[in-house]
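Asks: fold the following.
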Amino acid sequence: MPGRDNYYRILGLDPAEQDWPVIEKRIQDKRREWSKQKSSGNPDQKRQSARYLDSLGDIERVLFDPATRVAEAKEAKRLLQQEQKAGLKKLDEQIALFATEGRYTDDDIKLVYRQLSKAFGESEIEQRFKDAGLKKIATAETHTAPSRQGLDSVIARQIRTNLNHLSLTSLYAFLDRKPHSTPEELRRRAGEIYAEIKRIGKTDVDSTARSDLTGQCKTVFANADEKAKYDYTLSLQVLEELKPNLEVAGRDKFLTTDEMDVLIGQATARRVLPEDARAYIEEYAAKRKWGIQKPAGGARARPASMCGYCGALSNTPGATTCGACGEPLEVACPRCATPVPSTLRTCPKCGCDTGDAPLVRSLMTEGQHLFVQGDFDAARQRFQRVLVIWPGWEAAQNEISRIDARQSEIGRRIKAIEHLIAARELTEAAREIEQAVRGHGHSPFVKLERRVNDGIARAATLVAEGRRLQTAGKNAEALDRYTQALGLQSDCDEALRALASCPPDAPTTLRVNPERNGYHLDWHSPSATADTVYQVVRKADGPPAAPDDGATLKQVRGTTYADTDVPVGTLWYYAVYTHRGQIASPMPAVSGPHLRITDVEALMIVAGSGQVTLSWRRPPGCVGVEVWRGLGFPPKDKTDGIELVVSGDSCVDNGLTNGQTVGYLITAIFKDPLCPGRQLRTQGIHCTAVPVTPPEPVRDLIAERKGKTVTLKWTSPSRGAVQLRCADQPPVQTEGDLFDLRRLDELGKSIPVRTGGQTQFNLTNSTACIIPLSIEGETAIIGRWITVTALEPVTALESRPLGNNIVLTWVWPSAIDTVRICYRFDRFSTGPEDTDAASIICNRTEYDRHGCWELRAVEDRAHYFSLYSATAPDGPYAAPAERLESMGHRHEVRYRVVKKRWFPLLPWVRNMILELRGSQSLHLEELILVAKPNTLPVSPGDGVTIHEVKEVILRQGRADIPIPKEHWGRNMLVRLFFRRAADSGLVRLLHGSAKEMRLG
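Replies: A predicted model of the protein is given here:
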């Protein structure tokens, strides 16, 4: 490092930067920069760039190594601190110079930074300026006459001509807007005036001048720069009026500070910015070769605060509003809240337009006034226009939110009132309107109020007419008027009282006849009219005593009704009331009790060897079930067959002959509600069954999933066919249970089954339960079901003993946060619910904290671990990842093919076995024998599986496995494997020589 430049300093990197990709990118950028300077730079740059390019290899070497990179950064930081210490004195000297004026600009900061960039950043320099009491002056506040440009003289003359014709001083007066309004607002206002001129259609001289000015406004106020030209043109026109005063003040060819202040004050009184006035005076003095006195101490006297709206000067210290027009001298920027002088059009910090502040205040005041009056649409337009001028301004957004809330509340009120009107509850609707008007004004509810008042008036007219008819003895016509009144106003108290004084007659001769799922009702009405309505009421265990005593089934105009969904086993009573309007007959037509009966439900018939088991679910109210048996066919009734003994909700018929059809009649019994002591019987269910010896259940169903495709494998039973069902949930039945063949759909969707004990299907859900069934005749037996899931298991599962502990590590699948760890000492667990296995939950956070999972204080024997990944602790679970930790207790089993011949010297083989020999008794499970022509298989998939062994027991270290006869004599070599690779952790299978493993 000594004798060369620091590489962090050469590259211009922050010493805190330690990210190699960022550093590498900076090196590449500098390589291009130095190459360019080497070929086209000045002599010094060429020499320096050549030296840096030669050092690139060493730069990359030093900064790529973390250790040397840290040392280089540390040295860069030390050098930076040295330079800052040396530069601090220079900075203080320059700050002392700026203190003579007491202010600074962004350009001043950049000037100092160019001189002291190696020691300080721009932010550090500016902070030291602030600490020294210097005030920042925005660049926008600096106005120098030579740098500004006015309008083209021709355009300015045209504008002046039109304004003079209309007796106006400026385009701002023509538009009725403040000079600091934004160009967008000025153009919008010009558009409004032009549209008004076109609407009126006049073509006189005044209208022509106004029309010309609107077009000139769109050009002059096209953007901020064009507007600035017009503003400067206005200032020059005003300042031209000061030339005589200037000549008087400069009669001695010298302007004192007092004279300058007076002249600038005269200019600002004419609404000219002090900076523009000073620049104009200085330029005029320079042309006339006059001298100008500098303020005492070299500091320029700061003029009094000027109002940007009326041009008045405020000499009051600390004044916040203009004494002439009342407008604020400063306005808070709506975007960054910085105080902005009213003389500025934009915020010097963020550039937001603040010149439209008076217009914004006017729009806000108008909007708030309209809101109070209830004119929400007009108020919203005002606030939205404010947001066009000042996008995102919180005050305007809050006002719009207030409008939304008020309109939402009014909408809710209107909806409630309309609901009452639809229900013809006009009295309540009028009360609701009265409350709404008090809270939200009258305007939103005028139409609703008119509808309600009109309905109430029409109903009152009908009631009055009804009373006249009733007085005249025309009761039928009077009742019709009262009913019509209630049709208009359902809560008309006078009409209700009038109808209540003469209620309708009750129906007669109510008849209730049973149908398939309920009852059919019909009745007679002695005094039916066009407006008569009948209310059908149903009640359990007793007749209805009033129209609201029970369940109202329906209101009908006819004299019939079908009750098609009557619950079974309950005593039901029916009542029918006559209604005229809202008045019901004093008494109803009543019928009951009625009891609906039905046969047993969920009947299941399971045929076994020499027996048939029937089970069912009783319907409500059923007091008993009878089962009758007939040979060959079901009994017609209880006199045609043999009654069987029923136990609870099932019946077992024993002593039957396999293969012989038997028939059954199952009837449900109910108590007769009309005749105590008697019973009612259903027609019964007729069914048949054929006893048969059940086939063996499938006990070895396994699943292999690749993506969404699942391959299922099993060993077919010696008798019967195999069906597979796919369900979302495991069945309530267990392995070996018989099942009714007619109800297989309850176990899930069928999976097409191929021959050979193997099939495939696509997994559509995240998890599925696969249920195997062995079927013989009409008998089905449930096998050992399995669960298949789309979740991925953990991978790279490893284990190792660590003292008295076992440490497991694995790779987590994505989207998996939970693993259930099950372990046993005799075999792998049968599933996550295996009650014989110890079960522990491990979450990803716990695993990541330790970098592994540890089982402490273990026993000194083999552990069979099964890990089930899941998205939640209670599942569903993925297929297990298995690992056998032998704890050093690994056994060896040697095996070879042994051919037993009829005679030692003859070739005929009597038997062929796989001879297994070990050092002690062992229990091996799930083995496969794999064969391959001419060479030994190296893995379970490297060849053809010719035999599967469920289990084999080595008693005293010896066992034989018979080889299927169809493979004897084949020119193939065999090898024995565990079906699950994890099983090989405890037992090592050692094959014999190639000659000893040949079948032929």
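Asks: for Ser527, which non-adjacent residue is spatially closest?
Replies: Spatial nearest neighbour of Ser527, excluding adjacent residues (Cβ to Cβ, 6 or more residues apart in numbering): Asp505 at 4.7 Å. Every residue, glycine included, has its C-beta placed from N, CA and C.
Asks: what sits against that neighbour?
Replies: Ser525, Pro526, Ser527, Thr578, Ser585 (Cβ atoms under 8 Å, 6 or more residues apart in numbering).
Asks: what about it, which SS state?
Replies: The three-state assignment at Asp505 reads coil, by DSSP: H, G, I helix; E, B strand; the rest coil.
Asks: per-residue pLDDT, it?
Replies: What the model reports as pLDDT for Asp505 is 80.
Asks: also the one 5 residues further on?
Replies: pLDDT, Leu510: 91.
Asks: can you confirm it is in a strand?
Replies: Yes. Under the criterion used here (three-state DSSP), Leu510 sits inside a strand.
Asks: and it, how many residues sit next to it?
Replies: If you count neighbours by other Cβ atoms under 10 Å, Leu510 ends up with 20.
Asks: wait, it touches Ser591, no?
Replies: Yes. Using Cβ atoms under 8 Å, Leu510 is in contact with Ser591, at 4.7 Å.
Asks: if we can go back for a sec, most neighbours among the contacts of Asp505, please name it.
Replies: That'd be Thr578 among the contacts of Asp505, by other Cβ under 10 Å, with 26 neighbours.
Asks: what helix or strand is that one on?
Replies: Secondary structure from DSSP states H and E places Thr578 in strand 571-580.
Asks: what does Lys227 give?
Replies: Secondary structure assignment for Lys227, by DSSP H and E: helix 224-239.
Asks: run through who's touching that helix.
Replies: Residues outside helix 224-239 that contact it (Cβ under 8 Å, 6+ apart) are 148-151, 156, 160, 170-171, 179, 183, 186, 219-221, 267, 270-273, 276-277, 280, 345-346.
Asks: could you give the average pLDDT over it?
Replies: pLDDT averaged over helix 224-239 gives 81.
Asks: show me which residues of that helix are buried.
Replies: 227-239 (16 or more other Cβ atoms under 10 Å).
Asks: surely Leu370 meets Arg382?
Replies: Yes. Leu370 lies in contact with Arg382 (Cβ under 8 Å); the separation is 6.7 Å.
Asks: what about the longest helix in this protein?
Replies: Criterion DSSP state H: the longest helix present in the chain is helix 66-98.
Asks: pull up the pairing partners for the helix or strand that that one is followed by, direction included.
Replies: The first helix or strand that comes after helix 66-98 along the chain, using DSSP H and E, is strand 103-104. In the sheet, strand 103-104 lines up against strand 135-136 (parallel) (DSSP bridges).
Asks: could you give the mean pLDDT of the very next helix or strand once past the partner strand?
Replies: Note on strand 135-136: by DSSP H and E, the next helix or strand toward the C-terminus is helix 153-165. For helix 153-165, the mean per-residue pLDDT is 84.
Asks: and helix 153-165, what does it pack onto?
Replies: Contacts defined by 3 or more Cβ pairs under 8 Å, 6 or more residues apart in numbering; DSSP states H and E place helix 153-165 against helix 171-175, helix 205-220.
Asks: now, of these, which is deepest in the fold?
Replies: Looking across the helices and strands packed on helix 153-165 with neighbours counted as mean count of other Cβ atoms under 10 Å, the highest average goes to helix 171-175: a mean of 20.
Asks: what's the distance between that one and the middle of its chain?
Replies: Mean-position distance between helix 171-175 and its chain equals 53 Å (Cα atoms, centre = their mean, to the nearest Å).
Asks: for stretch 750-767, same thing?
Replies: Put simply, stretch 750-767 sits 35 Å off its chain's centre (Cα atoms, centre = their mean).
Asks: list residues touching both of Leu510 and Ser591?
Replies: Jointly contacting Leu510 and Ser591 under the rule Cβ under 8 Å, 6+ apart are Leu521, Tyr574.
Asks: in the longest helix of the chain, what's buried?
Replies: Per 16+ other Cβ under 10 Å, helix 66-98 contains these buried residues: 69, 72-73, 75-76, 79-80, 83, 87, 91, 94-95, 98.
Asks: any low-confidence regions in the stretch 201-350 of the chain?
Replies: Across the stretch 201-350 of the chain, the ranges flagged by pLDDT under 70 are 248, 295-318, 320, 323-326, 342-346, 349-350.
Asks: would you map the strands across it?
Replies: Secondary structure of the stretch 201-350 of the chain by DSSP state E, counting those that start in this stretch: the strands cover 254-255, 291-292, 305-306, 313-314, 330-332, 339-341.
Asks: middle-most residue in this protein, spatially?
Replies: Ala815 (17.3 Å; Cα atoms, centre = their mean).
Asks: you'd agree that residue is in a strand?
Replies: No. When classified by three-state DSSP, Ala815 is found to be coil rather than part of a strand.
Asks: and the closest residue to it other than its chain neighbours, how many residues sit next to it?
Replies: Nearest non-adjacent residue to Ala815, counting by Cβ to Cβ, 6+ apart: Thr871, 6.7 Å away. Counted with other Cβ under 10 Å, residues neighbouring Thr871 total 15.
Asks: for Thr871, phi and psi?
Replies: Note on Thr871: its backbone torsions stand at phi -90, psi -10 [degrees, to the nearest 10].
Asks: can you pull the contacts of it?
Replies: Contacts of Thr871 were listed using Cβ under 8 Å, 6+ apart, and they are Leu791, Ala815, Ile816, Asp817, Thr818.
Asks: doesn't Lys950 fall inside a helix?
Replies: No. Judged by three-state DSSP, Lys950 forms no part of a helix; its state is strand.
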